[in-house]
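In: model this:
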Amino acid sequence: MIPPSDAKAGSTSAVRDGRDAPVTCATCGCRLTAGEDAFYHFNPLGGRDARGCRIDCAAAAHDVQGRPIAVAV
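Out: Below is the predicted model:
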């Protein structure tokens, strides 16, 4: 069975090279989820991204290009 698509999934995209694409982290390549004013890693735990890799920007807000705006300490 195919799970239903999320209606908000299209809101986490940015235009790159003239095409609609998901926003990904410039550091690790993980897809980011849209917050109210920035993009964030999905469920960052203990400084790790969704794949379990330890990265400095796991809890930081990201811009539309996937670059951390400010690293959370």
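
In: what about the chain, any weak spots by pLDDT?
Out: Residues of the chain that meet the criterion pLDDT under 70 lie in 1-17, 70-73.

In: 50 instead, please
Out: The chain contains residues with pLDDT under 50 at 9-11.

In: Which of the helices or strands spans the most centrally placed residue in it?
Out: For the chain, the residue nearest the mean C-alpha position is Leu32 (1.1 Å; Cα atoms, centre = their mean). Element membership for Leu32 (DSSP states H and E) is strand 32-34.

In: centre of the chain versus that strand, how much separation?
Out: Its chain's C-alpha centre and that of strand 32-34 lie 4 Å apart, by Cα atoms, centre = their mean, to the nearest Å.

In: That one - contacts with which helices or strands?
Out: Other helices and strands packing on strand 32-34, by 3 or more Cβ pairs under 8 Å, 6 or more residues apart in numbering; DSSP states H and E, are strand 39-41. Using the backbone N, CA and C atoms, a C-beta is placed for each residue, glycine as well.

In: Which SSE is immediately downstream of the strand it packs on?
Out: With elements assigned by DSSP H and E, the helix or strand that comes after strand 39-41 is strand 61-62.
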